[in-house]
Structure formats: C-alpha cells, structure tokens
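Peer 1: below are the sequence and a predicted model for it; my questions follow.
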Amino acid sequence: RRVAQGHREVVLTGINLGCYRDRAAGYRLPRLVREAGATPGLERLRLSSIEINHVDEDLVRALRETPTASRPLHVPLQSGDDAVLREMGRRYSTRTYLRRLEPLREDFNLTSDVIVGFPAEDELAFDNTLRVVGEAGLTKVHVFPYSPRPGTGTAAEDPVPPQVKKERSARLRA
C-alpha cells in the first residue's frame with residue numbers, strides 16, 4: 001500500500017526487530033525481509049537496527065539475496081568490554097559480536113551505538129571498546145554518554161565524571 005502511495009523506501013522497525021514473528025503465517029524476520037523486499041516498485045528496504053543476537057545465517061542470507069535490502073546496517077555494540085556488557089545486562093560477549101558481524105563485513109556498511117562512561121567502565125574497559133570497534137570495521141559509531149535512568153539497576157550510580165565521558169566520546173568518534 002505504501003509503495004502504491006509513492007513511497008520508495010520502507011523501514012522495518014521495532015524495539016526488538018529480530019524477535020519478529022507471525023506464527024500463524026509462518027513468518028520470521030528473514031522471510032519478511034525477502035517478501036517485503038520483493039514488493040514491485042520498492043527501491044529500498046531498511047532495517048532500523050538489529051541486535052547482534054538476532055544476526056544469524058538465515059537473516060544474513062535474506063539480506064544478501066534481497067536486492068532492495070539496504071547495505072547500511074545498524075548493529076548496536078553498547079560496549080566493547082565483556083564485564084561492562086554483563087553489567088548492562090546484555091546477552092552477548094564481544095567475541096560473539098565480532099563473530100556474528102563477520103559475515104556482514106564484506107557486503108554491508110556497518111554502524112553501531114556505544115555508551116561511554118557506564119558505571120562499570122574504567123580506562124581499560126574503554127580501551128577494550130576502542131579495540132573492538134576497530135576490529136569490527138564499523139564505519140560510524142553513534143556515541144552516547146551514560147546518564148542514569150530511573151528504575152534501572154544503575155539509576156543511583158554515575159561515578160564517571162562528565163569530563164571523562166566527554167573525552168572518551170571524542171576519542172571514540174575519532
């Protein structure tokens with residue numbers, strides 16, 4: 001319907017896009033990418049963001065086989081340090097991130113998000129993040145300084161000084 005109205009790009013978006021399921025129709029995200037991407041008149045199908053835990057062989061194959069699938073792909077990292085990732089409640093390690101990203105590196109322009117100054121992040125953890133970002137071959141990193149959020153496990157914590165967050169943000173962007 002949107003393509004018929006003149007839209008040439010469709011963005012698949014959601015809080016946890018990789019969990020997309022339509023059990024009654026037998027759809028998972030890879031099938032949706034293929035079928036939506038085959039819509040006559042559609043020029044570009046884009047995923048807004050995909051968590052690394054949902055990047056699997058089926059999705060990589062669907063993205064590669066769908067000519068309209070956008071080659072820029074946003075895959076959040078959040079931190080390049082395993083201890084910080086655990087403190088954040090992330091369900092992956094840096095090793096998993098790099099391994100699952102590897103099949104995409106040749107064909108996709110990869111971008112990511114990183115939070116600097118998380119309460120568990122010391123200078124060594126930040127250095128790990130710099131290293132992992134470099135190894136991942138990311139072309140752009142959206143850098144966000146940590147700020148406490150009510151209701152979260154770290155809401156009362158913010159031990160990294162604002163100037164350190166600012167300096168780390170600049171180093172990571174560079």
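Peer 2: Looks like it arrived, so ask away. Predicted, not measured: the structure shown is a model, and the values here were computed from it.
Peer 1: what sits against Asp158?
Peer 2: By CB atoms under 8 Å, 6 or more residues apart in numbering, the contact list for Asp158 reads 119, 146-148. Every residue, glycine included, has its C-beta placed from N, CA and C.
Peer 1: those: which two are farthest apart?
Peer 2: Greatest spatial distance in the contacts of Asp158: Pro119 and Ser147, 11.0 Å, computed using CB to CB.
Peer 1: what about these two, which has more around it?
Peer 2: Neighbour count, other CB atoms under 10 Å: between Pro119 and Ser147, Pro119 has more, with 17 against 10.
Peer 1: residues contacting the more buried one?
Peer 2: Going by CB under 8 Å, 6+ apart, Pro119 touches 87, 146, 154, 157-160.
Peer 1: so what's it closest to, chain neighbours aside?
Peer 2: Sequence neighbours aside, Glu157 is the residue nearest to Pro119 in space, at 4.1 Å (criterion: CB to CB, 6 or more residues apart in numbering).
Peer 1: try Ser49
Peer 2: In this structure, Ser49 finds its nearest non-sequential neighbour in His74, 4.5 Å apart by CB to CB, 6+ apart.
Peer 1: against Lys166, how distant is the one you found?
Peer 2: Applying CB to CB, to the nearest Å, the value for His74 to Lys166 is 24 Å.
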